[in-house]
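task: produce atomic coordinates for the following.
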Amino acid sequence: MKLEQVKSDITVIGGGLAGVCAAVAAARLGQTVSLVNNRPVLGGNSSSEVRVWVCGATAHGTQRYARETGIMGEMFVENQYRNPEGNPYLWDLVVLETVRAEPNIRLFLNTDVHEVEADGAEEERVIASVTGWMMGSERKIRFESDMYIDCTGDGLAGFLAGAKYRIGREAREEYNEDWAPERADDITLGSTLLFYTKEADRPVRYIPPSFAKDITKTTIPMKRVIRSGDSGCHYWWIEWGGELDTVHDNERIRDELWSVIYGIWDYIKNSGSFDADNMTLEWVGSIPGKREYRRFVGDYMLNQNDIIAQEPFADRVAFGGWSIDLHPPQGMYSTESGSKHLYSDGIYHIPFRSLYSSNVGNLMFAGRDISATHVAFGTTRVMATCAVIGEAAGSGAAMCIQKGVTPRLLHRDHMNDLQQTMLRQDASIIGIAGADPLDLARSARVTASSTLTKVAVTNSSYTHPLDTDLGILFPVNPTLESVELLLDASHAATLEAELWHTGKGENYVPKQWVAAATVKVTEGNGQWVKLDLAWRPDAACNAFLVIKANEAIQLHGSDSPLTGVLSFEKGPKPIVSTLLEDHQPEQPVAQWSMRRSNRRPLCLQVTPNTEAYAAQTVTDGYIRPFAGPHLWMSENMSAGRPEWLQLEWEEEQSITEIHVTFNDDVNEDLINLHHHRTDFQAIPELVRAYRIQALVGEAWVTVAEEMENHKRKKVHKLERKIISKTIRLWIDETNGGSRAEVAEIRVYDL
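Residues are numbered from 1 along each chain as shown. Next up, the predicted model:
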């Protein structure tokens with residue numbers, strides 16, 4: 001049989017979201033990439049073959065301003081625009097086209113890598129090649145590269161290369177993890193199959209197959225939620241195999257999961273307990289979605305304490321925000337809740353040292369097989385987090401090629417270069433500012449046509465009873481004197497409030513008490529009531545105002561959102577049935593929910609004026625909220641009157657490339673298969689129509705324009721170099737927002 005040889009700078013094994021983002025990141029940085037996937041479609045567990053929701057740092061709206069940017073963010077926003085119904089096949093296309101758009105990537109689908117050639121002693125191994133069999137084409141292909149990234153999930157390529165790894169749960173004492181068992185064992189999270197249902201226009205009968213399990217004779221109905229209208233990921237709890245070997249027992253696990261799915265459907269259709277006469281099965285999965293297997297050993301093992309402390313690693317390159325989400329070993333047969341959850345107070349950070357092998361010099365990894373303990377893996381395993389880890393690994397591998405170093409040496413000598421490169425690409429590294437010395441915009445004077453200078457939401461459209469404590473988050477930059485609230489009072493009452501600092505710049509829950517205020521309220525509606533809350537924080541930050549419950553009072557709210565302002569109500573209220581999920585109710589992010597008031601802030605007026613939305617923020621290095629919104633915002637746009645941002649230098653500049661990053665509201669929870677839908681296809685705050693002009697000589701020249709934009713980051717490579725002291729970005733129209741909003745502008749001569 002003919003053996004083909006493919007040479008590239010980097011070989012990525014595994015085409016899930018981690019592998020896709022790794023390949024795209026490396027390709028965009030100029031490296032040639034072979035992306036090898038053993039399935040006919042990309043996307044891994046998110047693909048139409050498995051159909052798992054792409055969850056990430058937002059944690060279904062539990063974490064704030066936490067949605068991923070970079071490559072994963074691009075796919076979220078594109079899917080929202082093109083696929084509002086959440087069609088799994090259209091999601092496949094979004095992922096596929098993201099890869100096909102990169103000329104530096106060669107894609108090999110249906111190609112199963114099962115041979116690895118690696119040399120060297122156990123502690124100093126190097127991969128020379130990996131070989132795969134392309135099913136259906138009878139092609140045996142040998143891939144040779146300087147760098148390899150294992151994104152297989154199960155870690156097969158790294159295992160065959162001799163990389164150190166772990167399977168199962170570490171003992172509690174090894175990393176001092178409260179959620180680890182007393183003794184180490186080989187238990188993992190189990191695998192899941194999903195199913196879809198649909199409503200027919202006539203009664204549909206169902207005759208179960210002979211292998212369908214009678215679930216009434218199992219423990220399943222005791223602690224699991226079964227409803228006739230649910231399907232897809234609502235049944236994530238159909239999980240089994242954690243006490244087996246999820247790889248070697250994969251077929252047995254699949255058969256058991258099938259027996260339960262067809263048994264559940266028999267229970268729904270034929271027990272008489274559900275309104276399901278017209279319902280029918282539309283699709284049943286055949287590939288178990290695995291949660292856990294090998295986890296490689298890197299130079300650092302991420303653990304539970306890092307997650308909860310939100311450790312700000314100097315080498316951080318990715319972030320997460322999903323809970324530590326662990327499931328009982330017995331899966332669907334357990335009499336415990338189907339999952340238990342522990343959150344950090346905000347997003348947490350992932351270090352580069354967890355993305356490369358401790359003993360294979362040219363091996364990196366991304367996805368659920370990174371260097372993390374079983375407990376920490378309980379949060380890093382979700383797919384959008386795997387994806388941003390993939391972008392970091394791909395960027396790191398590309399830089400290793402460019403500098404001729406191993407990942408370990410890249411970490412030692414070039415971490416700032418890697419982080420700055422990723423920030424230029426719009427990957428989110430929370431709390432680190434961009435400081436690219438090649439960015440000409442950093443030395444420009446920035447002005448704007450107008451700037452919002454007051455934190456105020458005054459357009460009332462609903463009232464919210466003060467039957468529980470409510471909260472409002474808003475930016476303080478540089479000082480605070482007072483906050484006014486719009487309210488109704490059924491009779492004379494006392495309004496009590498507390499002002500809190502959120503602590504870390506990435507957190508959005510009350511952490512440090514600052515001040516309190518009490519004011520007498522008279523009977524009447526539509527009153528603006530002033531709370532004196534003088535505060536001068538050491539630096540710009542977010543404030544969290546807690547308004548104490550009072551049944552005599554209703555607060556007014558608005559349907560007009562304002563970036564940087566969020567509203568909350570205090571629980572605890574279970575996110576889903578407590579039979580299914582075990583949450584820790586005292587955790588701040590669980591206590592303070594913004595779900596019912598998303599994009600519907602409470603009315604307020606903050607004094608004095610703010611600098612939070614100043615024009616200069618577009619060059620401050622931050623591309624997403626951190627201790628404030630970090631974006632320029634205009635006053636309300638009038639019909640037919642565009643807004644503009646201007647960059648002006650003392651000397652003429654040679655300009656070949658202009659980057660613009662718009663606000664795509666990373667607080668908005670997007671998801672690929674839509675357990676919920678937004679009222680819009682494009683994020684309203686995103687700029688839709690804009691022009692970039694340069695003052696060349698004494699004439700304004702349009703160098704770039706866009707009329708139908710729905711993307712966050714736009715890179716304009718100019719047809720020819722221009723020489724100018726002044727450029728201006730004109731905002732002609734948004735996708736529904738009332739103001740022009742821009743997060744960043746970069747200018748280059750490349």
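
N250 touches G289, doesn't it?
No: with contact defined as C-beta atoms under 8 Å, N250 does not count as touching G289 (11.1 Å). In short, each C-beta sits where N, CA and C put it, glycine included.

overlap in contacts, these two.
Common contact partners of N250 and G289 (C-beta atoms under 8 Å, 6 or more residues apart in numbering): S191.

between these two, who's got more neighbours?
Between N250 and G289, counting by other C-beta atoms under 10 Å, G289 is the more crowded of the two (23 against 17).

wait, what's in contact with that one?
Applying C-beta under 8 Å, 6+ apart to G289 gives the contacts 45, 50, 52, 191-194.

with I731 as the reference, measure out to F296.
For F296, the distance to I731 (C-beta to C-beta, to the nearest Å) stands at 46 Å.

between those two, who's got more neighbours?
Shown here are F296 and I731; by other C-beta under 10 Å, F296 has more neighbours (27 against 24).

do you know how far the more buried one is from L750?
Counting by C-beta to C-beta, the gap between F296 and L750 amounts to 36 Å.

with C541 instead?
In this structure, C541 and L750 are separated by 36 Å, where distance is defined by C-beta to C-beta.

confirm for me that R183 is in contact with A171.
Yes: R183 is in contact with A171 according to C-beta under 8 Å; the separation is 5.5 Å.

what about the two, which has more around it?
Set side by side, R183 and A171 show more neighbours around A171, with 13 against 10, by other C-beta under 10 Å.

return the helix or strand in this structure with minimum mean pLDDT.
The helix or strand of the chain with the lowest confidence, counting by mean pLDDT, DSSP states H and E, is strand 581-582 at a mean of 85.

who are the packing partners of the lengthiest strand in the chain?
Residue-count comparison of every strand in the chain, with assignments taken from DSSP state E, identifies strand 713-734 as the longest. Contact partners of strand 713-734 among helices and strands, from 3 or more C-beta pairs under 8 Å, 6 or more residues apart in numbering; DSSP states H and E: strand 643-662, strand 687-696, strand 699-706, strand 741-748.

now that strand against strand 643-662, angle please.
The directions of strand 713-734 and strand 643-662 differ by 140 degrees, with axes from the mean of the first three to the mean of the last three C-alpha atoms, to 10 degrees as the criterion.

how far is strand 713-734 from where the chain is centred?
29 Å (C-alpha atoms, centre = their mean, to the nearest Å).

just want the angle from that strand to strand 687-696.
110 degrees.

now strand 713-734 - C-alpha only, PDB.
Output in PDB follows, covering the C-alpha atoms of strand 713-734 (Å, rounded to 0.1, in the frame of the first residue of the first chain):
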ATOM      1  CA  LYS A 713     -13.000  42.300  15.100                       C
ATOM      2  CA  LYS A 714     -12.200  43.700  11.600                       C
ATOM      3  CA  VAL A 715      -8.700  43.800  10.100                       C
ATOM      4  CA  HIS A 716      -8.300  46.100   7.100                       C
ATOM      5  CA  LYS A 717      -5.100  45.500   5.100                       C
ATOM      6  CA  LEU A 718      -4.900  48.600   2.900                       C
ATOM      7  CA  GLU A 719      -4.500  48.200  -0.900                       C
ATOM      8  CA  ARG A 720      -1.500  50.500  -0.700                       C
ATOM      9  CA  LYS A 721       0.500  52.200   2.000                       C
ATOM     10  CA  ILE A 722      -0.800  55.700   3.000                       C
ATOM     11  CA  ILE A 723       1.100  58.500   4.700                       C
ATOM     12  CA  SER A 724      -1.100  60.500   7.100                       C
ATOM     13  CA  LYS A 725      -1.100  62.300  10.400                       C
ATOM     14  CA  THR A 726      -4.800  61.700  11.000                       C
ATOM     15  CA  ILE A 727      -7.300  58.900  10.500                       C
ATOM     16  CA  ARG A 728     -11.000  58.900  11.400                       C
ATOM     17  CA  LEU A 729     -13.400  56.100  12.000                       C
ATOM     18  CA  TRP A 730     -17.000  57.100  11.000                       C
ATOM     19  CA  ILE A 731     -19.800  55.100  12.700                       C
ATOM     20  CA  ASP A 732     -22.900  55.400  10.400                       C
ATOM     21  CA  GLU A 733     -25.100  52.700  11.900                       C
ATOM     22  CA  THR A 734     -25.300  50.000  14.500                       C
END
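
check the offset of stretch 664-678 from the chain's centre.
10 Å.

likewise for stretch 258-277?
Its chain's C-alpha centre and that of stretch 258-277 lie 35 Å apart, by C-alpha atoms, centre = their mean.

for E523, see how far away the closest residue in space to F76 that isn't next to it in sequence is.
Closest residue to F76 in three dimensions, ignoring its sequence neighbours and counting by C-beta to C-beta, 6 or more residues apart in numbering: L670, at 4.4 Å. Distance of L670 to E523, computed by C-beta to C-beta: 44 Å.

cool, and T197?
Distance, T197 to E523, using C-beta to C-beta: 53 Å.

of the two, who's got more company?
Each of T197 and E523 has its neighbours counted (other C-beta under 10 Å); T197 has more, 20 against 12.

so G390 sits in a helix?
Yes: under the criterion used here (DSSP: H, G, I helix; E, B strand; the rest coil), G390 sits inside a helix.

just the helices in the stretch 501-650 of the chain please.
Assigned helices in the stretch 501-650 of the chain, in chain order: 588-591 (criterion: DSSP state H, counting those that start in this stretch).

quick one: the strands in it, in order.
Taking DSSP state E, counting those that start in this stretch to define them, one finds strands in the stretch 501-650 of the chain at 512-521, 524-535, 541-547, 553-557, 566-570, 581-582, 592-593, 604-607, 632-633, 643-662.

what does the fifth one contact?
Right, strand 566-570. With contact meaning C-beta under 8 Å, 6+ apart, strand 566-570 is reached by 64, 464, 468-473, 508, 557, 591-594, 596-597, 600-602, 667.

that one pairs with which strands?
In the sheet, strand 566-570 lines up against strand 470-476 (antiparallel), strand 592-593 (antiparallel) (DSSP bridges).

now the angle from it to strand 541-547?
For strand 566-570 against strand 541-547, the angle between stretch directions is 40 degrees (the same axes, to 10 degrees).

now the fourth one
Between the direction of strand 553-557 and that of strand 541-547, the angle (the same axes, to 10 degrees) works out to 140 degrees.

and the first one, by the same measure?
Using the same axes, to 10 degrees, the direction of strand 512-521 lies 40 degrees away from that of strand 541-547.

got it, and the longest one?
Interaxial angle, strand 643-662 versus strand 541-547 (the same axes, to 10 degrees): 90 degrees.

buried ones in strand 643-662, by neighbour count?
Along strand 643-662, these residues count as buried under the neighbour rule (16 or more other C-beta atoms under 10 Å): 643-647, 649, 653, 655, 657-662.

swap in the second one?
Buried residues in strand 524-535, counted by 16+ other C-beta under 10 Å: 527, 529, 531, 533.

pLDDT on it, on average?
The average pLDDT for strand 524-535 rounds to 98.

distance of K403 from Q420?
The gap separating K403 from Q420 is 14 Å, by C-beta to C-beta.

low-confidence stretches in the stretch 601-750 of the chain?
In the predicted model, the stretch 601-750 of the chain carries pLDDT under 70 at residues 674.

if we can go back for a sec, show me which of C541 and L750 is the more surrounded one.
Shown here are C541 and L750; by other C-beta under 10 Å, C541 has more neighbours (19 against 9).

need the contact list for the residue nearest to that one when sequence neighbours are not counted.
Closest residue to C541 apart from its sequence neighbours, by C-beta to C-beta, 6+ apart: A627 at 4.8 Å. With C-beta under 8 Å, 6+ apart as the criterion, the residues that contact A627 are 505, 539-542.

ok, L562 touching L602?
No: the pair L562 / L602 is not scored as a contact, 10.8 Å apart, by C-beta under 8 Å.

give me the common contacts of these two.
Common contact partners of L562 and L602 (C-beta under 8 Å, 6+ apart): V457.
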